[in-house]
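Visitor: Build me a structure from this.
(one chain, ligands or ions: 1)
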Amino acid sequence: MQSMHKIDMDLVEMTLDVMKYTIDRISSSKIKIGKPKKEEELRELVGETVTEKGIGGEYAFNLWKKHLSKANVPVDHPRNLAFVPASPTRTAIMFDLVTSASSIHGAYWMEGAGGIFCENEAMKWIVSLTGLPKGAFGVFTSGGTAANLSAMVTAREHWREHEEFRGEKGLIITSIGAHSSIKSMAKVIDVDVLLVESEDVLHETELQKTIDNLSKDERKRLFAVVATGGTTNAGIIDDLDGVANVCKKENLWYHIDAAYGGGALAADSVRHLFNGIEKADSITIDPHKWMFSPYDCGAVIYKDPQLAKNAHSQQGSYLDIFKDEGAHGFNPTDYQIQLTRRVRGLPLWFSLAAHGTDRYKEAVERGLELAQIAGKLIEADPNVELVRAPSLSCVLYRRIGWQPEDYTHWTYENHRKGFALVTPTKWKNGDSYETVSRFCFINPDTTKKDIQMILDSMK
Ligand SMILES: *Cc1c(COP(=O)(O)O)cnc(C)c1O
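Guide: Just a heads-up that it's a prediction; the model follows:
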């Protein structure tokens, strides 16, 4: 019986095959928009893959190349403008392979010093974009959801340190523009959420009014406000400075979810829209959205990282060694919910180091510019109209005369043809919700022609 870990010619050859596939994939400028297949269809195509004796690496890899890889929709296709797409730099993807091959445990400095050092270099740049005061720092997480959860746990634990709130069920305020993960993570930590009923900018006066209208019990349980730095649906940035004033006056934890919009902090043309972000207690930014990092890579940043450490540091006899002399250094596990972790900031670091931050600025500016270009094309086209002015890189527009099912049909038709992935969304119009079309631009390789072609497909 041969060990699975043995190095032989087969392994070397398979490594070369994998490298060739990878090189082809990351250097190709003509990737196809794949589409999902039913599970039964995939089963039919590939048969049983996990068996007692194994089907062999070469065979399994061929199944991947021939069938399974094609049943995915690549997020980096220039006409994939649905949800928040992504467009990792080739340099970052390359280093993702190095990250995997290096087998680094990214929880503790003792084991992952070199990798964590690199992550921290990248984090320093991200923190500098926020303008948070000296001492602020963050860690990379699996994504925005985990970052929001980590920040909310820190806020709640800090609040409940006070005798008077111990045992209380917490309450947070956010707006209906906030991402679904805020409500979902509030369930995880069993706190209530009060939603300000506006999908547009959350303003100081509205927030203050909401707080003033709370019952005595609710006010006692309120410990945090979550503002959004670029809503996922429409790219709207709350009045971050105004919300900061309220949080300060009311002594509330101030979390800003900039998972999608955070990348735009690098863009000089819109940086002023984020004024006030430097007053947050915690911030979420997803490098796997608008910082061109491969999946998955989120980040949570704290004004006072010690508070996160108080909330998250895990205790266990088998972990004591990491707290000893000689293991001193930054331990990412202490600041978020995960223990064993990939050094997921490493690909971002390499790409930042290779290209320099100016190139990041330019790539983000291009996304903003594409939204403006789309806005102009929509205004010039009699079939469509803007629902609201483009905000960050999101554009909401309607096809005049279309019903919700027309949008759905159009989306599937474009997808089926392998042409584009553009999905409808809903926008709150007065008291009702209207189905509209939405672009979200991340990929700097998307062209004006791509946008025009998509609009033309609505004729
Ligand atoms: C995408 C997004 C999230 C969730 O991030 P994941 O990385 O998907 O977990 C949270 N908040 C906002 C504003 C987002 O756009």
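Visitor: in the helix or strand harbouring Leu194, what counts as buried?
Guide: Assessed by DSSP states H and E, Leu194 sits inside strand 192-196. Buried residues in strand 192-196, defined by neighbour count with 16 or more other Cβ atoms under 10 Å: Val193, Leu194, Val196. Every residue, glycine included, has its C-beta placed from N, CA and C.
Visitor: elements contacting the helix or strand following it?
Guide: Scanning forward in sequence from strand 192-196, with DSSP H and E defining helices and strands, the next element found is helix 204-212. Contact here means 3 or more Cβ pairs under 8 Å, 6 or more residues apart in numbering; DSSP states H and E; on that basis helix 204-212 packs against strand 171-175, strand 192-196, helix 240-250.
Visitor: In helix 204-212, which residues have enough neighbours to count as buried?
Guide: Neighbour-count burial for helix 204-212, with 16+ other Cβ under 10 Å as criterion, is recorded at Glu204, Glu206, Leu207, Gln208, Thr210, Ile211.
Visitor: Can you tell me which of the residues you listed is nearest Ser269?
Guide: The shortest separation between Ser269 and any of those is 24.5 Å, and it belongs to Glu204 (by Cβ to Cβ).
Visitor: can you pull the contacts of the closest one?
Guide: Neighbour list for Glu204: Asp239, Asp241, Gly242, Val243, Asn245, Val246 [criterion: Cβ atoms under 8 Å, 6 or more residues apart in numbering].
Visitor: try it again with 10 Å
Guide: With contact set as Cβ atoms under 10 Å, 6 or more residues apart in numbering, Glu204 has these partners: Asp238, Asp239, Asp241, Gly242, Val243, Ala244, Asn245, Val246, Lys249, Gly276.
Visitor: What distance do you get for it to Tyr254?
Guide: For Glu204, the distance to Tyr254 (Cβ to Cβ, to the nearest Å) stands at 12 Å.
Visitor: shared neighbours, the two?
Guide: Here Glu204 and Tyr254 have Val243, Ala244, Val246, Gly276 as joint contacts, going by Cβ under 10 Å, 6+ apart.
Visitor: which one of the residues you listed is nearest Ala374?
Guide: Gly276 (27.9 Å).
Visitor: For that closest one, give me its contacts.
Guide: For Gly276, the contacting residues are 131, 204, 227, 229, 237-245, 254, 256, by Cβ under 10 Å, 6+ apart.
Visitor: show me where the stretch 1-150 of the chain has strands.
Guide: In the stretch 1-150 of the chain, strands defined by DSSP state E, counting those that start in this stretch lie at 137-141, listed in chain order.
Visitor: Spell out which parts of this structure neighbour the ligand.
Guide: 84, 143-145, 148, 179, 181, 228, 232, 257, 259-260, 286, 298 (Cβ under 6 Å from any ligand atom).
Visitor: Counting neighbours, which of those end up buried?
Guide: 84, 143-145, 148, 179, 181, 228, 232, 257, 259-260, 286, 298.
Visitor: mind showing which ranges of the protein have poor pLDDT?
Guide: Within the chain, the stretches with pLDDT under 70 are 1-2, 321-327.
Visitor: Can you name the two of the contacts of Gly276 that sit furthest apart?
Guide: The distance between the two most remote of those (Cβ to Cβ) is 19.3 Å, for Gly131 and Glu204.
Visitor: centroid residue for the protein?
Guide: In the chain, the C-alpha closest to the average C-alpha coordinate belongs to Asp286, at a distance of 3.7 Å (Cα atoms, centre = their mean).
Visitor: Skipping adjacent residues, who's closest to that residue in space?
Guide: Counting by Cβ to Cβ, 6 or more residues apart in numbering, Ala259 is the residue found nearest to Asp286 once chain neighbours are left out, at 4.2 Å.
Visitor: what's near enough to touch that neighbour?
Guide: Ala259 is in contact with 84, 143-145, 147-148, 179, 181, 228-230, 232, 283-290, 298-300, counting by Cβ under 10 Å, 6+ apart.
Visitor: just checking, what's the longest helix in this structure?
Guide: The residue-count maximum for a helix in the chain (DSSP state H) belongs to helix 357-380.
Visitor: Val18 against Ala60, yeah?
Guide: No - using Cβ atoms under 10 Å as the test, Val18 is too far from Ala60 to be in contact (11.4 Å).
Visitor: still on that earlier bit, now intersect the contacts of Ala259 with the strands, please.
Guide: Assigned to strands by DSSP state E, the following of the contacts of Ala259 qualify: Thr228, Ile283, Thr284, Ile285, Gly298, Ala299, Val300.
Visitor: Buried ones from those residues, can you make that a ChimeraX selection?
Guide: Here is the ChimeraX command that picks out the buried ones among these, judged by 16+ other Cβ under 10 Å:
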select :228,283,284,285,298,299,300
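Visitor: Helix, strand or coil: sort out Glu434 for me.
Guide: For Glu434, the reduced secondary structure class is strand; criterion used: DSSP: H, G, I helix; E, B strand; the rest coil.
Visitor: if I pick it, what's in contact with it?
Guide: Glu434 touches Val387, Leu396, Arg398, Pro404, Thr425, Lys426, Trp427, Lys428, counting by Cβ under 10 Å, 6+ apart.
Visitor: Out of the residues you listed, which comes closest to the ligand?
Guide: Nearest to the ligand among the contacts of Glu434, counting by Cβ to the nearest ligand atom, is Thr425 at 12.7 Å.
Visitor: From the ligand, how far out is Asp239?
Guide: Between Asp239 and the ligand the computed distance is 16 Å (Cβ to the nearest ligand atom, to the nearest Å).
Visitor: Run a quick neighbour tally on that residue.
Guide: Per other Cβ atoms under 10 Å, the neighbour tally for Asp239 reads 20.
Visitor: Got phi/psi on the residue lying closest to it once chain neighbours are set aside?
Guide: With sequence-adjacent residues excluded and distances taken as Cβ to Cβ, 6+ apart, Asp239 is closest to His203, at 4.8 Å. The phi and psi torsions at His203 (degrees, to the nearest 10) take the values phi -100, psi 160.
Visitor: what residues are up against His203?
Guide: Applying Cβ under 10 Å, 6+ apart to His203 gives the contacts Ser175, Val196, Lys209, Asp238, Asp239, Gly242, Val243, Val246.
Visitor: ok so, going back, tell me which of the helices and strands packed on helix 204-212 sits most buried.
Guide: Between the helices and strands packed on helix 204-212, the one whose residues have the most neighbours on average, counting mean count of other Cβ atoms under 10 Å, is strand 171-175 (a mean of 25).
Visitor: by contact count, what packs against that one?
Guide: With contacts taken as 3 or more Cβ pairs under 10 Å, 6 or more residues apart in numbering; DSSP states H and E, strand 171-175 sits against helix 144-159, helix 180-188, strand 192-196, helix 204-212, helix 216-221, strand 222-228, helix 240-250, strand 253-257.
Visitor: For Lys426, name its beta-bridge partners.
Guide: Thr435 (DSSP bridges).
Visitor: neighbours of it, just the number please.
Guide: Lys426 has 15 neighbours, counted by other Cβ under 10 Å.
Visitor: is it true that it touches Asn233?
Guide: Yes - using Cβ under 10 Å, Lys426 is in contact with Asn233, at 8.1 Å.
Visitor: Between the two, which contacts overlap?
Guide: With Cβ under 10 Å, 6+ apart, Lys426 and Asn233 have common neighbours Glu199, Leu396, Val436, Arg438.
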